[in-house]
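Peer 1: What would the 3D arrangement of this be:
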Amino acid sequence: MDITPRQLEIIEAAGKILTASGVSGLTIKNLAKEMQFSESAIYRHFKSKEDIIIAMLNYLANNIDKRFSNLDSSLIPEEKFKALFAEQFRFFKLNPHFVVAVFSDGLMEESQVINEALLKLMNVKIKHLMPVIMEGQQKGIFTNAITTDELMHIIMGTFKLQMFKWRIANFEFDIKRSGDNMVQSILTLIKNKQA
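Peer 2: Just a heads-up that it's a prediction; the model follows:
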């Protein structure tokens, strides 16, 4: 995905507005005011608010894909699992506006194209997490009593709930510490007792 530095600035400003005012507060007028641009300057880079949200979600999906692809592939499944989540918590702690983009009230009602961008984002996470879980199950580290798909749902649902809690708490608790505790709890649940 090619994104210009100016488009990234607009995406980040949109994230600030989403954080402060939610989806309803994200308007081209408010964005232009935040950036001290004219509205027409925003329109030179994006056709609409929807395009900005889609660009934000696609940027996040590509960013996650790139960061996860660079993690050490020689790690054992349990360490890979920890590394994936540690990387997510690190990134979101530095960029909370992306959490808001994914967990904004009303975002999924905005458009089908936004829903498709959210689905793409979810599929990028699955692409990197699923092989880790499968490898762990094949090596007897993670339980086989629950299917890989069901483990994915449990893990991703737990992560989503953690991020949502952080979001509604206005990012006021330490997401890294809380996230590490969440990861340890999941590992306690999914690891074979003999492993």
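Peer 1: The protein: helices as residue ranges?
Peer 2: For the chain, the helices defined by DSSP state H occupy 5-25, 28-35, 39-43, 49-69, 77-94, 96-103, 107-110, 112-138, 148-168, 175-190.
Peer 1: Which of the ones you listed comes out lowest on mean pLDDT?
Peer 2: Mean pLDDT is lowest for helix 107-110 among those, at a mean of 60.
Peer 1: Just the pLDDT for residue 171.
Peer 2: Looking at residue 171, the pLDDT reads 91.
Peer 1: Return the most buried member of the helices of the chain.
Peer 2: Ranked by mean neighbour count, the helices of the chain are led by helix 96-103 with a mean of 22 (mean count of other Cβ atoms under 10 Å). All C-beta atoms are positioned from the backbone trio N, CA, C, and that covers glycine.
Peer 1: Can you list the neighbours in contact with that helix?
Peer 2: 12, 14-16, 18-19, 53, 56-57, 60, 91-92, 107, 118, 121, 160, 163-164, 166-167, 171 (Cβ atoms under 8 Å, 6 or more residues apart in numbering).
Peer 1: same thing but at 6 Å, please
Peer 2: 15-16, 18-19, 56, 60, 92, 163-164, 167, 171 (Cβ atoms under 6 Å, 6 or more residues apart in numbering).
Peer 1: Then stretch 154-171?
Peer 2: Contacts of stretch 154-171 (Cβ under 6 Å, 6+ apart): 96, 99, 103, 175, 182, 186.
Peer 1: and the two most separated of the residues you listed?
Peer 2: 96 and 186 (22.3 Å; Cβ to Cβ).
Peer 1: one step back: let's have the contacts of stretch 154-171 in CSV, adding distance to residue 139.
Peer 2: CSV is the format used below for the contacts of stretch 154-171 (distance: Cβ to Cβ, whole Å):
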residue, distance to residue 139
96, 36
99, 33
103, 34
175, 30
182, 23
186, 17
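Peer 1: of the contacts of helix 96-103, closest to residue 113?
Peer 2: residue 56 (12.7 Å).
Peer 1: Residue 11 is in contact with the closest one, correct?
Peer 2: Yes. Between residue 56 and residue 11 a contact is recorded at 4.7 Å, counting by Cβ atoms under 6 Å.
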